[in-house]
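Participant: please work out how this folds:
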Amino acid sequence: QRALLSRDELCVQADIPVGSKLVAYCGRLAPQKRLKDLLWAIQMLRLSNPDTYLLVIGEGPMKDELQEYARTTEAETHTRFLGHRDDAGSLLHLVDVFWLASEFEGMSNSLMEAMACGKPVVVSDIAPNRELVEHGKSGWIANLGDSAGFTQYTIKILDDPALAESIGLAARQRMTENFSIEGLINDTLQVISNLPAG
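Facilitator: The predicted structure is shown next:
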């Protein structure tokens, strides 16, 4: 799903200076997603990288609470709540880093989409994320609740474009080789063909 907007158009839409670095979360605004950890992370990140902004894409029961939390932690200057977007999948092509801090999660579609787009990701250390992301190779895994870890790994990505590109390529390759629809179908057919007859 290719971007419907240019990166500059997205910045203008989100009231962010053109040329800024973009970090994104995409999903429900619900307690298990631990979005307050990400608001702390952007608050720390903006001190060293003031040209970096967090895009929160999605709706959910915590929206008002999170917007208030962003105000009280002074993260709101560098956070944009974009709400539900029909073009959410295509926006992932435009960002520099994808964040997912969940304390529990299935296989996250938005994480898989970001990796398939060739984006470096920083995710929480839970089993489904570990299955998708190889730490230091196709992304980074931070301890659950470790906002500083999210910040540090993201600085590493933003400060080293060559590293960001190699991580992004490894992420895309991992999705293509291990988690593509064709691959899942072939795996399923393989299982079926090995079932005993009758």
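
Participant: what segments of this structure are helices?
Facilitator: Remark: helices assigned in the chain by DSSP state H are 7-13, 35-48, 63-72, 88-91, 109-116, 127-132, 147-158, 161-178, 181-193.

Participant: low-scoring stretches of the protein, by residue?
Facilitator: 1-3, 180-188, 197-198 (pLDDT under 70).

Participant: quick one on the thing from earlier: which one of the helices of the chain lies closest to S138?
Facilitator: S138 lies closest to helix 161-178 among those, at 4.3 Å (Cβ to Cβ). All C-beta spots, glycine's among them, are computed from the backbone N, C-alpha and C.

Participant: can you name every helix or strand that that closest one contacts?
Facilitator: With contacts taken as 3 or more Cβ pairs under 8 Å, 6 or more residues apart in numbering; DSSP states H and E, helix 161-178 sits against helix 109-116, helix 147-158.

Participant: can you list the helices of the chain in JSON lines and add distance to G27?
Facilitator: JSON lines is the format used below for those (distance: least, Cβ to Cβ, whole Å):
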{"stretch": "helix 7-13", "distance to G27": "18"}
{"stretch": "helix 35-48", "distance to G27": "9"}
{"stretch": "helix 63-72", "distance to G27": "12"}
{"stretch": "helix 88-91", "distance to G27": "9"}
{"stretch": "helix 109-116", "distance to G27": "5"}
{"stretch": "helix 127-132", "distance to G27": "13"}
{"stretch": "helix 147-158", "distance to G27": "15"}
{"stretch": "helix 161-178", "distance to G27": "18"}
{"stretch": "helix 181-193", "distance to G27": "21"}
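
Participant: JSON lines for the ones you listed, including mean neighbour count?
Facilitator: JSON lines is the format used below for those (neighbours: other Cβ atoms under 10 Å):
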{"stretch": "helix 7-13", "mean neighbour count": "16"}
{"stretch": "helix 35-48", "mean neighbour count": "21"}
{"stretch": "helix 63-72", "mean neighbour count": "15"}
{"stretch": "helix 88-91", "mean neighbour count": "20"}
{"stretch": "helix 109-116", "mean neighbour count": "22"}
{"stretch": "helix 127-132", "mean neighbour count": "16"}
{"stretch": "helix 147-158", "mean neighbour count": "21"}
{"stretch": "helix 161-178", "mean neighbour count": "16"}
{"stretch": "helix 181-193", "mean neighbour count": "10"}
